[in-house]
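Asker: sharing a model that was predicted from the sequence below.
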Amino acid sequence: MMHMTFYWGRSVTILFDSWKTDSWLSYFLSLFAVFLFAVFYQYMEERRLRLKLLSVAKAAPPPSATETPLLFHKLRRRKWARHQFAGAILFGVNSAIGYFLMLAVMSFNAGVFVAVVVGLAVGYLLFRGGDEDVVHVDNPCACA
C-alpha cells in the first residue's frame, strides 16, 4: 500500500517495484544513492548553465545597460548552433533527473526526502556556490 503522508521507516519502494528496501543496510545504501543522484543533478545544472554562458559570451558583444537582457538574447540570432543542441540535451537530461528526484520524494519516506534535500544543498555548495560572481544582471525588476 502506498503511503500518502510522510513516514519514517526502512521499508520503502523508490521509483521502481524492484527498488525496495527491506533492511537497514539496503535502506541506507538507497538513501546514499538518492543523495548522489541529487548531487549529480546540481553538477549537470552547473554544466548546462556554464555552456549557456560560454555560448552567449562567444556569440555576441555584451548588451549595454539600456537593453533588456532577456529580450537581447532572443533577438540577436536565428541560426541553430551546436551549443544550442548540446544545451537542449543537457536540459532534457537535467529535467529527467529532476523528475526522478521528485518521484523519489513522492515515496513519502522522510529519509528519502531528507537525502534529496541534503544532496541538492551539497551539490549546490560544491558546484554552484560561486555562481553569484559569474552571473550579474542589473535589472531593478524583482520578477526578472
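Answerer: Received the coordinates, thanks.
Asker: past the lowest-mean-pLDDT helix or strand in the chain, which element shows up next along the chain?
Answerer: Among the helices and strands of the chain, helix 69-75 carries the lowest confidence by mean pLDDT, DSSP states H and E, at a mean of 54. Moving toward the C-terminus from helix 69-75, the next helix or strand (DSSP states H and E) is helix 82-105.
Asker: quick one, the helix or strand just after that following helix and helix 82-105 angle?
Answerer: Using DSSP H and E, the helix or strand that follows helix 82-105 in sequence is helix 110-123. Put simply, helix 110-123 runs at 150 degrees to helix 82-105, going by axes from the mean of the first three to the mean of the last three Cα atoms, to 10 degrees.
Asker: what's helix 110-123 in contact with?
Answerer: In this structure, residues lying in contact with helix 110-123 by Cβ atoms under 8 Å, 6 or more residues apart in numbering are 6-8, 12, 14, 27, 30-32, 34-43, 101, 104-105. No exception for glycine: its C-beta is placed from N, CA and C like everyone else's.
Asker: look up how far residue 52 lies from residue 100.
Answerer: Computed with Cβ to Cβ, to the nearest Å, the distance linking residue 100 and residue 52 is 23 Å.
Asker: what pLDDT does the model give residue 53?
Answerer: With respect to pLDDT, residue 53 scores 85.
Asker: tell me which element it is part of?
Answerer: Going by DSSP H and E, residue 53 is in helix 24-59.
Asker: pull out the buried residues from the contacts of helix 110-123.
Answerer: 12, 14, 27, 30-31, 34-35, 37-43, 101, 104-105 (16 or more other Cβ atoms under 10 Å).
Asker: residues near residue 5, how many?
Answerer: A count of nearby residues for residue 5, using other Cβ atoms under 10 Å, gives 6.
Asker: pretty sure it is in a strand, no?
Answerer: No. Judged by DSSP: H, G, I helix; E, B strand; the rest coil, residue 5 forms no part of a strand; its state is coil.
Asker: residues contacting the closest residue to residue 5 other than its chain neighbours?
Answerer: Nearest non-adjacent residue to residue 5, counting by Cβ to Cβ, 6 or more residues apart in numbering: residue 108, 6.3 Å away. If a contact means Cβ under 8 Å, 6+ apart, then residue 108 has 2-7 as its contacts.
Asker: what do you get if the cut-off is 7 Å, keeping everything else the same?
Answerer: Residues counted as contacts of residue 108 (Cβ atoms under 7 Å, 6 or more residues apart in numbering) are 3-7.
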